[in-house]
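Peer 1: Return a 3D structure for these sequence lines:
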Amino acid sequence: MKRAICIDFCDFHPNFPKTDNFYYHLLRERFDVQICDQPDYLLFGPYGHEHRLHSGIRVLLSIEPSLPDFDTCDYSVSCRKIDDPRHFQLPVYVTNGRAEELIKKDEGPERILVGKTKFCSFVVSNQHPAKNRNRAEIFEKLSRYKQVDSGGRYRNNIGGPVPGGTQNKIAFMRPYKFNIAFENSSLPGYTTEKIYEAMVARCLPLYWGNPLIAEEFNPRSFLNRADFPNTEAFVEKVMALDRDDEQYLEYLRQPYFHGNEANRYFDHGRLLDFFERIFADKSAPVAQRRRRKALFGRWIPVKRHHWHPLPTTPSGPASPSNPVPRK
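Peer 2: Numbering: from 1, shown residues only. As a prediction, this is how the structure comes out:
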């Protein structure tokens, strides 16, 4: 019998589906998941402050590059690489992708190349003018060689943005030999969906970002800006590959994963084991351990969720399926 757990979600994007998301479906593989108004475990995102109202155990689930604040959360799951037992590293592409999409079988690289009728794609919607100039610079320099089709809102040159959704973006990228898959930031472990989507579309990813990216993917299957002394050398390599089909095919023939086997981040059992530890933790939540002088603030008068340790029974922590015996 699966252990019953009471959870809730908050501080994600508007209309976040609480019973149809990666974490809900994952946890149901091992637990009897119940969505509760007063949960024992709150799974929250980085886009609001509702989590401050909850006094139970808080688990931050983030796709942003910022580090977790363990003064406000008990545990965290994000793509950042952090040496802390309270944290689990999970690249963004794992939550909305499948490893099977990147396992190479008898695809016929030459046949794939025949379908690559366009040069390079670029899909960016939010480009801060003072941040990540690397991405804009690569777009500009490659555009002097051949047109780079921009399908996002930033520098759009195809008549309008590509419709939203992962599948629409991948469909847009499929005819292109290259895709600019630069991250917003270069931080250890920070890998988003960008390189994954380029690989699914069987483009050659032009990557910049996670300095540890070679731990996740075979470095011979993409072009990493970090491997070149400057932008000019990187651009020269792209142009050389565009002119030489055999050199280009050498990259296309490479498996995306080391040994053509899914990397460890796609092992859902590891993440379930992490949640198993969370659900077994009987420590008082961080919200209950903060010093009294730090408790005064606009959130305290409106707190409505009072956490209390689950009583125990001879067979383990109490739950709806394992009630405390009457005396």
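
Peer 1: Let me know the pLDDT of the residue nearest to the spatial centre of the chain.
Peer 2: The centroid of the chain falls nearest to Val92 when counting by Cα atoms, centre = their mean (1.0 Å). You'll see Val92 listed with a pLDDT of 96.

Peer 1: now Tyr145
Peer 2: At Tyr145, pLDDT is 98.

Peer 1: got a list of what it touches?
Peer 2: 235, 239, 242 (Cβ atoms under 8 Å, 6 or more residues apart in numbering). C-betas here are computed from N, CA, C, even on glycine.

Peer 1: Okay, now the unreliable bits of the stretch 51-200 of the chain?
Peer 2: Across the stretch 51-200 of the chain, residues meeting the criterion (pLDDT under 70) sit at 127-131.

Peer 1: could you redo the last one with a cut-off of 90?
Peer 2: 106-107, 125-134, 164 (pLDDT under 90).

Peer 1: what about the strands in it?
Peer 2: 57-61, 75-78, 87-89, 118-122, 148-150, 176-182 (DSSP state E, counting those that start in this stretch).

Peer 1: which of these sits most buried?
Peer 2: Highest mean neighbour count among these (mean count of other Cβ atoms under 10 Å): strand 176-182, with a mean of 25.

Peer 1: Parallel or antiparallel, list what pairs with that one.
Peer 2: Strand 176-182 has the following strand partners under DSSP bridges: strand 118-122 (parallel), strand 204-208 (parallel).

Peer 1: need those in TSV with distance to Ala284, can you?
Peer 2: Converted to TSV, the strands paired with strand 176-182 look like this (distance: least, Cβ to Cβ, whole Å):
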stretch	distance to Ala284
strand 118-122	49
strand 204-208	43
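
Peer 1: Can you check which of these gets nearest to Met1?
Peer 2: Taking Cβ to Cβ, strand 204-208 is the member of the strands paired with strand 176-182 nearest to Met1, at 45.3 Å.

Peer 1: contacting residues around the closest one?
Peer 2: Contacts of strand 204-208 (Cβ under 8 Å, 6+ apart): 120, 134-135, 138, 177-183, 186, 194-195, 198-199, 213, 222-226, 234, 238, 241, 248, 251-252.

Peer 1: What remains of these if I keep only buried residues?
Peer 2: By neighbour count, with 16 or more other Cβ atoms under 10 Å, the contacts of strand 204-208 hold 120, 134-135, 138, 177-183, 186, 194-195, 198-199, 213, 222-225, 234, 238, 241, 248, 251-252 as buried.

Peer 1: taking these one by one, which sit in helices?
Peer 2: Using DSSP state H, the subset of those located in helices is 134-135, 138, 194-195, 198-199, 234, 238, 241, 248, 251-252.

Peer 1: List just the nearest of these to Pro46.
Peer 2: Taking Cβ to Cβ as the measure, Pro46 lies nearest Lys194 of these, at 19.0 Å.

Peer 1: Could you export stretch 67-87 as CSV, CA atoms only?
Peer 2: C-alpha atoms of stretch 67-87 as CSV (Å, rounded to 0.1, in the frame of the first residue of the first chain):
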residue,chain,number,x,y,z
LEU,A,67,20.2,29.9,-5.6
PRO,A,68,17.7,28.6,-3.1
ASP,A,69,17.2,30.5,0.2
PHE,A,70,17.2,27.9,3.0
ASP,A,71,15.9,30.5,5.4
THR,A,72,12.5,30.2,3.5
CYS,A,73,12.6,26.6,2.2
ASP,A,74,13.5,23.3,3.8
TYR,A,75,14.5,21.6,0.5
SER,A,76,15.0,22.6,-3.1
VAL,A,77,15.0,21.1,-6.6
SER,A,78,16.6,23.1,-9.4
CYS,A,79,19.2,22.9,-12.1
ARG,A,80,21.9,24.6,-10.1
LYS,A,81,24.8,22.4,-8.9
ILE,A,82,25.0,22.9,-5.1
ASP,A,83,26.8,20.8,-2.6
ASP,A,84,24.1,20.6,0.0
PRO,A,85,22.0,17.5,1.1
ARG,A,86,18.9,19.7,1.1
HIS,A,87,19.2,20.3,-2.6
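
Peer 1: so where do the helices sit in the stretch 1-150 of the chain?
Peer 2: Applying DSSP state H, counting those that start in this stretch to the stretch 1-150 of the chain gives helices spanning 22-28, 92-96, 109-114, 133-145.
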